[in-house]
Structure formats: structure tokens, C-alpha cells
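> turn this into a model:
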Amino acid sequence: MYLRCLVPECESANSTDYSPAWLGGALAAGGREQRCSRRAPADPQLPCAADSFADELLPCDRWLYASNDTIVAEFNLACQEWKRTLVGTIHNIGMLVSLPILGYVSDRWGRKRALVLSCTLVGAIGSLKAFSISYEMYVIVEFLETVAGASSFPAAYILTIELLGQDKRVLTTAFLGITLVLGGLSFALLAKTFPYFRTFILVVYPPSLLFISYIYFLPESIRWLLSKGRKEEALEIVMKAAKMNNVTLSDETIRQLTSVEKVKIDEKKESEEEKGLWIQVLRSPIIMTRLAICSWWWITCTFVFYGLAINSVTLAGDKYTNYMLVVSVEIIAVVTNALVLDRIGRKTTLLIAYVVCGISCVAIIFVPTSMSWLTTLLYLVGKIAITQAFSGIYMYTSELFPTHARHSLLGFCSMVGRVGSIVAPQMPLLAIYIEWLPSVLFGATALIAGGLMLTTPETLNTRLPDTIKEAECIASQHSKPPGDKTLQQNGFTPDAQVTSKL
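Residues are numbered from 1 along each chain as shown. The predicted structure is shown next:
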């Protein structure tokens, strides 16, 4: 937003002329000094003119804002850069806290409860920001809101892929990716329609309270219920879905669901769970290695994705339109994933995405300044590629870990990934000293992530693992083709036809 120092000898706080003729002489050269200091008048009795100011600089105590709708104007943060950036830092810290907590809630008490709890709390707590009476109150509520709501998307994603069959995972990822894009576009339109931040908050947050109604009509994950031995509840959901889809379950299907011998949790698995999730993970070198690799993928995605997004604010034109254009580009990545993930596999798709992103970012530093169009093109290619990787990594990470720990381990990877989103805002500052270094860092991290993709197993056409042992053996798994109508002893995958109307 545009702001400058108020010159009380020449104007009032209600002035609407942001560029008077005398302004060039009254303010310092530019940048922070222009916002935070002004030149003293040579003679306060003389009328203001460009040459009527001395070289002596005085600190600003009041400012003129082009818009009074933002928290910068509301809390007078013009020359307190650290307070402005602290809001984003607090947001990311909130995500660090939220992801493991909600991941544990999801794996312990259910996907539906975690989703409803997260979405409802974010609506209630987020609305409080509209009533902030100070900057400190705003930051505290921002933190609490993020802790409550940062895990809503992972909870929704995991619940969805566990309800649907393995042949619907890519479709699920594409659908949720498109909804994120539509949400981003709606966000920009609402921000443009309701520019005052308090009004905007009251428009955006309260509708989330309606998620509490999901308790009554949203089914729990069948796979999670079976992993907890709650086979009667799982059977009830399957029977309801079968009735809605006019599908008759075979006697064999019902027998496998109700058979004591084939219950999802047997005595051995109960004993394993008693040892604790992280004890099991620490005892598995394969899972630990996979967890470290997945964490790097997430760091790369957040670092490059948000780093490139920050650069979009430098584009000329209306900020709302620019934001919508950058968000719209992400549809290309989502659609591409929908077309190729089930054809060429997860590994190949993500490997290409990371490599293309890395090459595009590094190539930017070699583009002559006279070819700005090429810089923009490479930027967009890199943005599309990292968005494709970000979208696909949700599904791929979920497929690499077992059911009873899936949300916790996905949450851990996402939590570690927040390191990237914390570092990304510092890249413009780094560019002041070494202009080409941010692009090299973006490119290098993406290329390393692509290389690590070669070390993990392909999960195309494999069912979701339910135990640590099954997760370790994904590479050797011979799954049945999509559309298989049977229940498997150690991994119930609901028939897509049955669950399509859940």
C-alpha cells in the first residue's frame, strides 16, 4: 500500500493530496527514509515549496495512507517493519504447532472429528480478529486461529482418499486442488469488494461455523474405523452407501467385514499400538528414511511456492487482479496432475515437476534485462511446476505411510515444511545484497527434491498401507487393478461404486 510521512507544516491529517508540488523537497530520497523521516522547513513562516526545506531530517510521527482499510493504517505500523512481518511469522509458527496436534487428534479420535473441530474453531477464533483493539490482540488471535485451522485441509484430504477407492485418489487430489484455486479467487474478489479488513474478516470467517453440521451427515473414514477395530460402524457406513448407490453387497463382502479372523485390528496390531506410534516409526529405518525425504519435499514446496508467490507483488497493475491471475495459473498444474498421475505414475510426475521448476528458476538469472517477457515466462513455468509438485506431494506422502499413523506423519512432514515458508519471506532481503542468489536457492532445492524422488517406491495402483510392515513393503506390493470389488484381509478399500455417494 502507498503511504508517506505527514508534513504538518504544509498539510492536515485529512489531506487527500498525496503528491503536492512541494513533496519532493519535504521528503527524504525514498524507501524507508521517505516513510519514516522528513526534512525540516527552512522557515515555518514561509509557504511550502520544493525549495523551502532544509537538509536536516526529522522523524515522522504521523503518516498519510492511500487507504485506511488495512491493519498497517489501523495500528499505525508505517515504520515498524518488524511488526508487519511478525504477523506472517506468527502465522507460520501457528502452523508448526497445529499440524502435529491435529494430526494426533485425527489418528486418535477420527478424521471427521479433526476436520469438524478445526473448521469450526477457525470460524469462531478467526472472527475475533475483527474486534481487535490493538496490534498485540490481533497477533495473538492470528496465532490461535492458525493453530485451530491449519490442519483442516490435511484432515479433509485424508478423509476423502480413505473413503474412496484407490482409482479415485487422483480425481480427489484434482478436485481438492481446484477448490483451493476457486477459494483463492473468491478470497481476492471478497477482498476487493470488502476492502476494510474488519468487514472482510466478518464476511469470510463466520460461515466456517456451519461445519459443525458435518457431525450429523459426514461419514467417518471406513479405513480408520477398521484400523481401530470398529467394524460394526464401518459396515453400517458401507451398507448405507450401497443402498444409496443401489448396489447389493455380496455375502463374501459382508462376511469379510464381520469375520473375527479378518478384523482390521488383531491382537498383534493392538500390541504394536500399545508400544506407541513413534516407537514403531523409530524402529523402522525404511519409514524414518522416507520421513526425512518427505520432509525435504515439503520444505522445497513451501519454500519455492511461497517464495515465487511473494515475487508476484512486484508485478505492475491492480494487486487483486494480479493475485487472481497468479492463482488461476495453478489450475494448469492441477489439471496436468489429473491427466498424468494415473498414467505415468506419481514418481515420474513429481520428478519432472521438480526438475522443470529447478531449471526454470536457475535459468532466470541468465536472462538479459531487455527480455523481461522471458523472465515472466520462466517465472510462470516455475510457479506451475512447483504447484504441480505441491498438489501431488499430498497424495504421494499419504500413500507412503500406514493408516493408523498417516495423518500424524503427514502432519509432521507438513510441519517441517513450514521452515520453507518461514525462510521464503527473507528472499527479497537477500536479493538486495546478492540479486541472483534467491533464484539459485529456489532452483537448487527443487533439483535436490527431484533427485530424492528416485529413492522412494512408486505407489500407482497400490492400496493404502495399514501397518508399518505394509508401508515398508510398498515396492513389492502387487495390488489388484482399480475397480476391484473385493475386501482385502489387511486393507479394506471400499468399492468406488458403493462409496461414490457417501
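> quick one, strands of the stretch 301-450 of the chain?
In the stretch 301-450 of the chain, no strands are defined using DSSP state E, counting those that start in this stretch.
> let me fix that: the chain
3-5, 37-41, 53-59, 63-65 (DSSP state E).
> okay, domains of this protein per the record?
3-66, 74-221+289-455 (automatic domain parsing).
> the shortest one: how far from the chain's middle?
Computed by C-alpha atoms, centre = their mean, to the nearest Å, the chain-centroid distance of domain 3-66 equals 42 Å.
> does residue 346 touch residue 394 like I think?
No: distance between residue 346 and residue 394: 10.9 Å, which falls outside the contact criterion (C-beta atoms under 8 Å). From N, CA and C alone the C-beta is placed, and that goes for glycine too.
> report how many residues lie close to residue 462.
A count of nearby residues for residue 462, using other C-beta atoms under 10 Å, gives 20.
> distance of it from residue 96?
Distance of residue 462 to residue 96, given as C-beta to C-beta, to the nearest Å: 31 Å.
> in this protein, where is pLDDT below threshold?
1-2, 28-35, 165-166, 256-278, 312-317, 477-502 (pLDDT under 70).
> next, give phi and psi for residue 365.
phi -70, psi -10 (degrees, to the nearest 10).
> returning to what we had before: between residue 346 and residue 394, who's got more neighbours?
residue 346 (27 against 23).
> what sits against the more buried one?
392, 395-396, 399, 458-460 (C-beta atoms under 8 Å, 6 or more residues apart in numbering).
> of the residues you listed, which belong to helices?
In helices, judged by DSSP state H, the following of the contacts of residue 346 are found: 392, 395-396, 399.
> so which of those residues is the most crowded?
Scoring the ones in helices among the contacts of residue 346 on neighbours with other C-beta under 10 Å, the highest-scoring entry is residue 392 at 26 neighbours.
> ok so, going back, present the contacts of residue 346 as TSV; the columns should include distance to residue 281.
Putting those into TSV (distance: C-beta to C-beta, whole Å) gives the following:
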residue	distance to residue 281
392	23
395	21
396	18
399	17
458	22
459	19
460	24
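> out of those, flag the one nearest to residue 119.
Proximity of the contacts of residue 346 to residue 119 was ranked by C-beta to C-beta; the top entry is residue 395 with 21.2 Å.
> and residue 51, what are its phi and psi?
The phi/psi pair for residue 51 (degrees, to the nearest 10) is phi -100, psi 20.
> does it touch residue 25 like I think?
Yes: contact criterion C-beta under 8 Å: residue 51 and residue 25 qualify, at 5.8 Å.
> so how many other residues sit close to the residue lying closest to residue 360 once chain neighbours are set aside?
Leaving aside its sequence neighbours, residue 360 sits nearest to residue 382 (C-beta to C-beta, 6 or more residues apart in numbering; 3.8 Å). Look at residue 382: counted by other C-beta under 10 Å, it has 28 neighbours.
> next one: the one 4 residues further on
Residue 386 has 32 neighbours, counted by other C-beta under 10 Å.
> that one contacts residue 302, doesn't it?
No: applying C-beta under 8 Å, one finds residue 386 not in contact with residue 302, separated by 9.6 Å.
> got a list of contacts for stretch 368-378?
360-361, 363-364, 367.
> return the set of buried residues in that stretch.
Of all the residues in stretch 368-378, those buried under the rule 16 or more other C-beta atoms under 10 Å are 375, 378.
> next: stretch 467-479.
So for stretch 467-479, counting by 16+ other C-beta under 10 Å, buried means 467-468, 470-472, 474, 479.
> dump these into a markdown table; add distance to residue 441 as well.
Shown next, in a markdown table, are the buried residues of stretch 467-479 (distance: C-beta to C-beta, whole Å):
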| residue | distance to residue 441 |
| --- | --- |
| 467 | 39 |
| 468 | 35 |
| 470 | 37 |
| 471 | 32 |
| 472 | 34 |
| 474 | 32 |
| 479 | 39 |
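> which ones among those residues lie within helices?
468, 470-472.
> and the residues you listed, which is closest to residue 432?
For those, the nearest to residue 432 is residue 471 (45.2 Å; C-beta to C-beta).
> nearest spatial neighbour of that closest one, skipping sequence neighbours?
Residue 471's closest residue in space is residue 465 (C-beta to C-beta, 6+ apart), at 4.0 Å.
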